[in-house]
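*Asks:* sequence and predicted model, in that order:
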Amino acid sequence: DTEVTQTPKHLVMGMTNKKSLKCEQHMGHRAMYWYKQKAKKPPELMFVYSYEKLSINESVPSRFSPECPNSSLLNLHLHALQPEDSALYLCASSQDSILLGGTDTQYFGPGTRLTVL
Amino acid sequence: SQKIEQNSEALNIQEGKTATLTCNYTNYSPAYLQWYRQDPGRGPVFLLLIRENEKEKRKERLKVTFDTTLKQSLFHITASQPADSATYLCARSGANNLFFGTGTRLTVIP
């Protein structure tokens, strides 16, 4: 199984809502990532989990809260978002961290299109 | 600061021709570079990785070169087809993550 799945595909939420994005991979990868992508821009890294521990938080506002329940699952909890948070949210995984001498070729999910009203 | 740049925002090419996309990097020496394809509204898909000691890497109609003197990687699609139309991203590795170039949107005209 070489697939990263993300749910939901689309999400519309109000600024007072609480919602969660989910990501799953069964490739045995030990690094997982959340990216945010605005139209016509490259993906921007938000969080990195390595061996289920948060290793990078790229100064993301606290209204985004990541969670890694186990090595296959990654969640992104959303609360009190702003309209400017509307974007495509991408999850990715990679087999090895480059710190372990591997390459960080990443496998991306299809993304969740988030609209904040 | 370490930068990775793709000079062309968009490239139009006639079907059957070879498309050549450019990725430049400054202020560092990457051990390898990666190329990804992204279709609208979808996640990027890994295509090729080339290491600094490799001059060239091929996969079917795709070819990537790595010139450490010019600090540049070129990505070629030979015999281009309309189905090759997409945004192509080059990426370099950071401490534990990827940094993407801004991407080149390729359109292959039938």
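*Replies:* The structure has been received and is ready for your questions.
*Asks:* spell out which parts of chain A neighbour chain B.
*Replies:* With Cβ under 8 Å from any Cβ of the partner chain as the criterion, chain A meets chain B at residues A:4, A:31, A:33, A:41-43, A:45, A:48, A:50, A:55-56, A:88, A:90-92, A:97-99, A:103-111, A:113. In short, each C-beta sits where N, CA and C put it, glycine included.
*Asks:* show me those residues that map onto strands.
*Replies:* Among those, the members found in strands (DSSP state E) are A:4, A:31, A:33, A:45, A:48, A:50, A:55-56, A:88, A:90-92, A:107-108, A:113.
*Asks:* separate out the buried members of the residues you listed.
*Replies:* The neighbour-count test (16 or more other Cβ atoms under 10 Å in any protein chain shown) applied to these identifies A:4, A:31, A:33, A:45, A:48, A:50, A:56, A:88, A:90-92, A:107-108 as buried.
*Asks:* and those, which is closest to chain B?
*Replies:* When these are compared for distance to chain B, the smallest value, 3.1 Å, is given by residue A:108; criterion: Cβ to the nearest Cβ.
*Asks:* ok, that closest one - contacts?
*Replies:* Neighbour list for residue A:108: A:4, A:90, A:91, A:92, B:43, B:44, B:45 [criterion: Cβ atoms under 8 Å, 6 or more residues apart in numbering or on different chains].
*Asks:* any idea how far it lies from residue B:71?
*Replies:* Taken as Cβ to Cβ, to the nearest Å, the spacing of residue A:108 relative to residue B:71 amounts to 27 Å.
*Asks:* with pLDDT added, can I get the buried ones among the ones in strands among the residues of chain A next to chain B in TSV?
*Replies:* What follows is those, written out as TSV (pLDDT from 0 to 100):
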residue	pLDDT
A:4	96
A:31	89
A:33	93
A:45	91
A:48	90
A:50	87
A:56	77
A:88	97
A:90	97
A:91	97
A:92	94
A:107	93
A:108	96
